[in-house]
Every structure is written in C-alpha cells, then in structure tokens.
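In: Here is the input, now give the coordinates:
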Amino acid sequence: MHTRQIRSYRRILRRFERVTSSQLKSCCSGVTLAQCLVLLEVDEGGRLTMGQLATHLRLDNSTLSRTVDGLVAKGLLGRERGDSDRRIVWIDLTPEGATVCRSIHEENDAHSRRVFDKIPASRRDAVIRDFEILVEAYLDCEAEANSETHGDPAEGGSP
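Out: Residues are numbered from 1 along each chain as shown. Here you go, the predicted model:
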C-alpha cells in the first residue's frame, strides 16, 4: 500500500472520529460517554459479571469500577455479589437504566437514519460490511500487538 493511500485513510479516519465523537457525546441522555457505553453493553449482553463487562468493553477493572460506581449511584445499574463465589460481581440494568437505554437507542437510531438517508440505498449494506471489515482489522492488529507484548501462551510466553 502506498504512503499516499495510508495518509488519505488516516485523514478520513480523523474526520470520521471528529464527527462521530461529537454526536456520541450529545446522544447519551444525560450520562457520560463512558457510562453510555457501559449501559449499552449491559443492555445488549444482559446480566454480566464485572469481568465479562470489562472484557467486552476492553477496559481494565479499575476503570470500569469507577464508571459502574457512578451508574449504581444514579440508580441505573444494580450490582450483586455472587452466591457461591463472593468475588464475582454481577451487573444488571435497573428499570431506570433500561429507560435511559431506550432513550439513547432512540436518539442514536434517529441520527443514524439521517446519516443512512445520505447514503444511496444500494450501498448501505456494503457500507455496513466494509465498516465491519475495518473494525475486525483493527481488532486483529490489537490482538497481534498484545500477543507480541505479552507473549503467546501456546509458545510458552506469559499469559
């Protein structure tokens, strides 16, 4: 791939990041962006452990704990210790949290509809597929970098 293509890609990515970050911040129904992402993950995944939630969101436990603490304090998430293993902490939406998630979905669905209305109908499925390919490529690169940094357990490296 030529440097010109890489620079063009990076320029477009920066523009995309600017326009989407401002939209995300304005469509979170009164919670922070980090709290919004946690709520939506729990809404999608159902009752999750803190460990599962940290893995899904690709966050460390201390960062996630602070965000979850804020959502519990607002009454949007419930937290419960495991019965058989008290180290396990389960997280679930409260009815108020489910209401906030519905509002977030409605706001973001409306915005996404407006965006998709600007894309020719014949290209919409391709845009979704191509965006998925891009996200998977980023995840693959991240996994490779983590493997190089932490070693591959299959090769006797650190876990």
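
In: what about the helices in this protein?
Out: Secondary structure of the chain (DSSP state H): helices at 3-26, 33-45, 50-57, 61-73, 95-117, 124-150.

In: Determine which stretch of those helices is the most buried.
Out: For the helices of the chain, the largest average neighbour count (mean count of other C-beta atoms under 10 Å) is found in helix 33-45, namely a mean of 18. (Each C-beta comes from the backbone N, C-alpha and C, glycine too.)

In: what's the spacing between that helix and its chain's center?
Out: Here the centre of mass of C-alpha atoms in helix 33-45, compared against the chain's by C-alpha atoms, centre = their mean, to the nearest Å, lies 7 Å away.

In: same thing with stretch 9-20?
Out: Shown here is stretch 9-20, whose average C-alpha point lies 18 Å from the average C-alpha point of the whole chain (C-alpha atoms, centre = their mean).

In: Need the contact partners of stretch 111-122.
Out: By C-beta atoms under 8 Å, 6 or more residues apart in numbering, the residues outside stretch 111-122 that reach it are 23, 27, 124, 127.

In: which one of these sits closest to residue 110?
Out: In terms of C-beta to C-beta, no member of these lies closer to residue 110 than residue 27, at 8.7 Å.

In: What pLDDT is listed against the closest residue to that closest one other than its chain neighbours?
Out: Once its chain neighbours are removed from consideration, residue 27 has its nearest residue in residue 107; the separation is 4.2 Å (C-beta to C-beta, 6 or more residues apart in numbering). pLDDT, the model's per-residue confidence, is 90 for residue 107.

In: The helices of the chain: which one's closest to residue 85?
Out: Of all the helices of the chain, it is helix 50-57 that lies closest to residue 85, at 11.3 Å by C-beta to C-beta.

In: Next one: residue 148 relative to residue 142, how far apart?
Out: Taking C-beta to C-beta, to the nearest Å as the measure, residue 148 falls 11 Å from residue 142.

In: still on that earlier bit, just put the helices of the chain in TSV and tack on distance to residue 85.
Out: What follows is those, written out as TSV (distance: least, C-beta to C-beta, whole Å):
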stretch	distance to residue 85
helix 3-26	35
helix 33-45	20
helix 50-57	11
helix 61-73	16
helix 95-117	24
helix 124-150	26
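
In: and of these, who's closest to residue 83?
Out: With distances scored as C-beta to C-beta, the stretch of these nearest to residue 83 is helix 50-57 (15.6 Å).

In: Show residues contacting the closest one.
Out: When contacts are taken as C-beta under 8 Å, 6+ apart, the neighbours of helix 50-57 outside the stretch itself are 37-38, 41-42, 45, 48, 60-61, 64-65, 68, 88-91.
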